[in-house]
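Colleague: Structure, please.
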Amino acid sequence: MEEDSGVLEQIKALCRTQWRYLFTCLAVAGLVLACEAPLDMQAVEEQRKTPIRKLDAFQDVLTTTQGHAIFVGGSGVVVEFLPPDRTQGLEEVREIVRAQIGEIGQWPNLISITQCADQSIFALGLDGSLWVRKQLGQWVDMKIDTQETVQDLTCAQNNQLWVAAGFGTLLHSLDGGQNWQRFSLEDDLFLTHIDFPNDNIGYAIGEFGTVLKSTDAGKSWSNLRSTADDFYPLALYFLDTKMGWVAGLDGEIFITRDGAQNWHKQETATHAPIYKIRKIGEHIFAVGNYGTILEYNGRRWQSADHIQLGSSGYLRALAGDKDSLFIGGQALAKRIHLSSSLSAANMAKNN
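Modeller: You can find the predicted model right below:
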């Protein structure tokens, strides 16, 4: 402490004699005084116990067949919403469990999560790491052998894992991530998303209007190139083998009704980038930047004003079931009761 006081006195003396260094002196003095301020350990401990924290950046969420909702994000953060105990007549989430996977200081930035038909759950790291969930809070790393930058992960209904990546590359595994096979366009473009609406039909999208389609469970791919050359896709979702959407910057959403042969731009209520589209219950939602939540009414995308998050940050994670909507993004991972939000919206309309 005496040593810090001596340093502070030297700074003061310099400030008195060297006016041109005034602002620098004041800044350095402030840092010294800040270092002397006592650390609020109670606030640190409370923050540590909080499952959702200010620096969290959730990229994806999965609702499992067991009723869990699993959010994944930066710095290896995994947050699980445990399902309510309906045998006791409960409707609220039973518990929220936070974990951080990976080695200290080498936590992966998790960007995608998927569940296979055999109930296995996998998460993808931006560094090419593949994580398999063993139990609550316990994940095991299985590195993907690739030099390409990975973008998205999905599991087809036949339990094949698929990864979209850079240089027009698709990777797939038949054995739960142990071994990987590679398909590539050998072109300098990113494939950003991949989706299999059934065992045989698969779609992948990428830069420069790239749309790939497979009709034989990924054994071969056709390049349809059916979206605009300047369109950069940020989201892909197929409702069935024919009808699907892609979304991107400036609130752009395109729909196909003929299996990606043709795409038509739809009207949206935003200019924000759109990061995810999903059908949840009887509703189709999209989320994006600036807290944007859209709902499809069969003709156009309108603001889902009945869903109140209290957040204006980006939203990337979207999943749910017939009762609940799970949304995540910047410092946010939340469950919304669909019936409650819709009832509130109807009451507002009636009033």
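Colleague: Can you pull out the low-pLDDT segments for the stretch 1-150 of the chain?
Modeller: Residue ranges of the stretch 1-150 of the chain with pLDDT under 70: 1-49, 85-93.
Colleague: Now do the strands in it.
Modeller: Here the stretch 1-150 of the chain has its strands, by DSSP state E, counting those that start in this stretch, at 58-63, 69-73, 77-82, 95-100, 110-115, 121-125, 129-135, 138-143, 150-155.
Colleague: Could you export the ones you listed as a markdown table, including distance to residue 207 and mean neighbour count?
Modeller: Backbone N, C-alpha and C define where each C-beta goes, glycine included. A markdown table is the format used below for the strands of the stretch 1-150 of the chain (distance: least, C-beta to C-beta, whole Å; neighbours: other C-beta atoms under 10 Å):
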| stretch | distance to residue 207 | mean neighbour count |
| --- | --- | --- |
| strand 58-63 | 20 | 24 |
| strand 69-73 | 24 | 27 |
| strand 77-82 | 29 | 22 |
| strand 95-100 | 33 | 15 |
| strand 110-115 | 17 | 22 |
| strand 121-125 | 19 | 24 |
| strand 129-135 | 24 | 18 |
| strand 138-143 | 26 | 14 |
| strand 150-155 | 11 | 23 |
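Colleague: domains of this structure?
Modeller: 2-37, 43-350 (automatic domain parsing).
Colleague: Ends of stretch 99-115, what's the gap?
Modeller: 19 Å (C-alpha to C-alpha, to the nearest Å).
Colleague: can you check stretch 284-297 too?
Modeller: First-to-last residue span, stretch 284-297, C-alpha to C-alpha: 8 Å.
Colleague: Now do the contacts for the nearest residue to residue 68 once chain neighbours are set aside.
Modeller: Of all residues not flanking residue 68 in the chain, residue 80 sits nearest, at 5.6 Å (C-beta to C-beta, 6 or more residues apart in numbering). Taking C-beta atoms under 8 Å, 6 or more residues apart in numbering, we find residue 80 in contact with 68-71, 96-97, 99, 136-137.
Colleague: tally of neighbours for residue 167?
Modeller: As a burial measure, residue 167 scores 16 neighbours (other C-beta atoms under 10 Å).
Colleague: Please name the residues that touch it.
Modeller: Neighbours of residue 167 in contact, by C-beta under 8 Å, 6+ apart: 148, 184-189.
Colleague: could you flag which of these are buried?
Modeller: Neighbour counting with 16 or more other C-beta atoms under 10 Å marks 148, 185 as buried within the contacts of residue 167.
Colleague: Now render the contacts of residue 167 as JSON lines, adding distance to residue 166.
Modeller: What follows is those, written out as JSON lines (distance: C-beta to C-beta, whole Å):
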{"residue": "148", "distance to residue 166": "4"}
{"residue": "184", "distance to residue 166": "10"}
{"residue": "185", "distance to residue 166": "11"}
{"residue": "186", "distance to residue 166": "12"}
{"residue": "187", "distance to residue 166": "10"}
{"residue": "188", "distance to residue 166": "8"}
{"residue": "189", "distance to residue 166": "8"}
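Colleague: and of the contacts of residue 167, the nearest to residue 332?
Modeller: Nearest to residue 332, judged by C-beta to C-beta, of these is residue 148 at 30.2 Å.
Colleague: roughly how far apart are residue 332 and residue 80?
Modeller: From residue 332 across to residue 80, the span is 16 Å (C-beta to C-beta, to the nearest Å).
Colleague: Let me fix that, I meant to ask about residue 313.
Modeller: 22 Å.
Colleague: How about residue 120?
Modeller: 16 Å.
Colleague: again, but for residue 181
Modeller: 31 Å.
Colleague: swap in residue 275?
Modeller: 21 Å.
Colleague: Identify the residues contacting the most centrally placed residue in the chain.
Modeller: The centroid of the chain falls nearest to residue 59 when counting by C-alpha atoms, centre = their mean (1.9 Å). Counting by C-beta under 8 Å, 6+ apart, residue 59 makes contact with 72-74, 109-112, 316-317, 328.
Colleague: Next one, pLDDT for residue 297 please.
Modeller: Note for residue 297: predicted pLDDT of 94.
Colleague: Near it, how many other residues are there?
Modeller: The number of residues near residue 297, taken as other C-beta under 10 Å, comes to 10.
Colleague: What of the one 10 residues further on?
Modeller: Residue 307 is flanked by 20 other residues according to other C-beta under 10 Å.
Colleague: Ok, residue 54 next?
Modeller: 8.
Colleague: Pretty sure it sits against residue 313.
Modeller: No - Residue 54 lies out of contact with residue 313 (C-beta atoms under 8 Å); the separation is 10.7 Å.
Colleague: Identify the contacts common to those two.
Modeller: Joint contacts of residue 54 and residue 313 (C-beta under 8 Å, 6+ apart) are residue 331.
Colleague: Next, the buried residues of stretch 311-324.
Modeller: Neighbour-count burial for stretch 311-324 [16+ other C-beta under 10 Å]: 311, 314-320, 324.
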